[in-house]
Structures are given as structure tokens and as C-alpha cells.
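Student: Dropping the sequence and predicted coords here.
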Amino acid sequence: MVARFDLIRRAAGSMLAAALALAGFAAIGPAVHAAGEPLAQAVPCLPCHSRTNLAARPKVPNILGQDAKYLIHQISAFQRQFVAGKTRFLRLERRHPVMNREAPKLERDDIQVVAEYFAAQACVSARDIDGGPSESLPQPKLATRCFLCHGEGGRTHHAFVPSLAGQRMSYLRKQMQEFRDTKWEDFIDQGQARVHRMMTRQGLPLDDAQIDELAHYFASLPCR
Ligand code: HEC
Ligand code: HEC
């Protein structure tokens, strides 16, 4: 009962935080950590997400230099649990066996400071960790549509929208497939799933070949 109450309280807290952030009320404070020292609250994340460990972890996305509000949103989405009896979500939801285990290690009050810690770091280009072409691939026609939200060349200028330029190819491909293939009902089961009212619509018309082409293209771009 206590656990159930805690879940509801957390869900309500996250909705409020998102509403405040959307309304532009989020207080963005400086990351409190000494220069050169990793932020204590981010330490559980570093075995996978640090600059040095990324190369050995091919399935881990590069979150360095990513939009802070986007990161806050994703960490909260990974923390949120499915509440039995509710089969529809109005906002984004995201499931992944590793991150659904890792994200709850952060206290709600620490999410922002951890997101800012990663956002403040220089980004990494996939070509430098995974190899691949040293030149950017030619731009597929379809990519112009993506630039509307993800920014020219996949470098975002919008809060809550991630940059795609230089993100890892297999990660980009998997996310697009998940947006396309996840049904809202999938959140009843454990497993992997991702929905978002904008990206689900964007993913729907794409076939595997188009997804592949877009993923290779964005992964080939320098991250800045
Ligand atoms: C054991 C490895 C591991 C650890 C530890 C870990 N992560 Fe992750 N993280 C992953 C993987 C794998 C994914 C990709 C999930 C997917 O494919 O949907 C991911 C995805 C993410 C994303 C989404 C990125 C995007 O572009 O949407 C964020 C944000 C994130 N992690 C933050 C964190 C934070 C903060 C911590 C520490 C509390 C953490 N992770 C700890 C492996 C890890
Ligand atoms: C209408 C705006 C919009 C358009 C157009 C759009 N996206 Fe997105 N995209 C988003 C938003 C918002 C998110 C973040 C979703 C979330 O919060 O889970 C996103 C997330 C993504 C992600 C996940 C990135 C990550 O780090 O996890 C990928 C990959 C992606 N989009 C690819 C594309 C591609 C390729 C196109 C063009 C075919 C495209 N998007 C068009 C708004 C858009």
C-alpha cells in the first residue's frame, strides 16, 4: 500500500515538474560539483554514460551535450511506472530493462542537476567512437522533415527535442523502430517500448530501409 502510494505520489510529482518546466518555471541552478570531479549523484550513471566508457558499451546512447530539458524528461519517463487500470497515457512513456532499473537510483530532486551535468559536457560524435565514414553522408530527402523539429543538420534548438547529429547509428535505428512499432497497450507488459505523440506519428510512415538510411545519415554527422 505504501509502495502504491509512493508510485502515485511520484507520478504526480513528475507531472507537476513537467507542467512547470513547460510553463517555463523550471529553476535551472548551477551544477554543484568541483571542477574535474564527477558529480556525486551522477556516479551510478558513469559506468555506461561517461565519455571513456561509451566505446565499450555499443547500446548506450551518447547523452553528453544533449538538451538538459530533454534529459530530465527521459529520466522521469524511465522512472515512471505503469499503473494498473490505466491503459492510456497522454504524455510520453518509455520502457527499457536497463534504464527502468537505473533511473530510479536518482532521487527526484537530483534529476535536474544530473541532467545539467551531462548537458554541460562537450558532445561526442558517433564516428569517433564507432568508426564509420569520416565524411558526412549525403542528406536523404526525408531528413528535411526531421529538421523541422530536430534542427538543421539534426542539431536541436528546441527544449525537449534531442539532437540527432552524431548519435550512434544502431541506437537511432532502434528508437525509430520503437516509435513506429510500439502500441500503447505494450506498457502493460515489461519489456521495451517507447511512445511520444509527435514521434510516434513521425515514425509511422517509415519502412525499415528509410529508417536505416536516416540512422546512417544522422550518425555520420559531426555532433557540432
Ligand atoms: C548499465 C548501463 C547504464 C547505466 C548504469 C545507466 N544507463 Fe542510461 N541508458 C543505458 C542504455 C542501454 C540506454 C538506451 C535505452 C534505449 O535503448 O531505449 C540508456 C538511455 C539513457 C537515456 C536516454 C537518452 C536519449 O537520447 O533518449 C538517458 C537520459 C539516460 N540513459 C540517463 C542515465 C542516467 C541519468 C543514469 C544514472 C542514474 C543512467 N542513464 C545509467 C544504459 C545505462
Ligand atoms: C513534430 C516534431 C518532430 C519531427 C518532425 C520529428 N521528430 Fe524526432 N523527436 C521529436 C521529439 C519531441 C522527440 C523526443 C521524444 C521523447 O521525448 O521521447 C523526438 C525523438 C526522436 C528520436 C529519439 C532520439 C533519442 O536520443 O532517443 C529519434 C531517433 C528521432 N526523433 C528521429 C526523427 C527522424 C529521423 C525524423 C524525420 C523522419 C524526426 N525524428 C522527425 C520530434 C520530432
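Tutor: Right, received. Where do you want to start? Ligands and ions are numbered 1, 2, ... in the order given.
Student: quick one: low-confidence parts of the protein?
Tutor: Per-residue confidence of the chain (counting by pLDDT under 70) places the weak regions at 1-36, 81-93, 184-192.
Student: For it, which segments are assigned as helices?
Tutor: Counting by DSSP state H, the chain forms helices over residues 2-22, 46-49, 68-79, 97-102, 111-119, 126-130, 143-150, 169-181, 199-203, 208-220, given from the N-terminal end onward.
Student: Point out the residues in the chain that sit beside ligand 2.
Tutor: For the chain, the contact set with ligand 2 under CB under 6 Å from any ligand atom comprises 61, 73, 92, 142, 145-146, 148-150, 160-162, 164, 167, 172, 175-176, 196, 198-199, 202, 214. For the C-beta atoms, the positions are set from N, CA and C on the backbone; glycine is no exception.
Student: re the thing from before, okay if I get the helices of the chain as CSV plus mean neighbour count and distance to ligand 1?
Tutor: Formatted as CSV, the helices of the chain follow (neighbours: other CB atoms under 10 Å; distance: least, CB to the nearest ligand atom, whole Å):
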stretch, mean neighbour count, distance to ligand 1
helix 2-22, 13, 14
helix 46-49, 15, 3
helix 68-79, 22, 4
helix 97-102, 14, 4
helix 111-119, 21, 5
helix 126-130, 19, 12
helix 143-150, 15, 12
helix 169-181, 19, 6
helix 199-203, 17, 11
helix 208-220, 19, 12
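Student: Can you tell me the closest non-neighbouring residue to the residue nearest to the spatial centre of the chain?
Tutor: For the chain, the residue nearest the mean C-alpha position is residue 74 (5.0 Å; CA atoms, centre = their mean). Taking CB to CB, 6 or more residues apart in numbering, and ignoring the residues beside it in sequence, residue 74 has residue 94 as its nearest neighbour in space, at 6.6 Å.
Student: Tell me the bridge partners for the one you found.
Tutor: Applying DSSP bridges to residue 94 gives these bridge partners: residue 194.
Student: I'd say it and residue 79 touch.
Tutor: No. Counting by CB atoms under 8 Å, no contact exists between residue 94 and residue 79, whose distance comes to 9.8 Å.
Student: tell me which residues in stretch 154-174 are buried?
Tutor: Along stretch 154-174, these residues count as buried under the neighbour rule (16 or more other CB atoms under 10 Å): 154-156, 160-169, 171-174.
Student: Please list the members of these that lie in strands.
Tutor: Using DSSP state E, no member of the buried residues of stretch 154-174 falls in strands.
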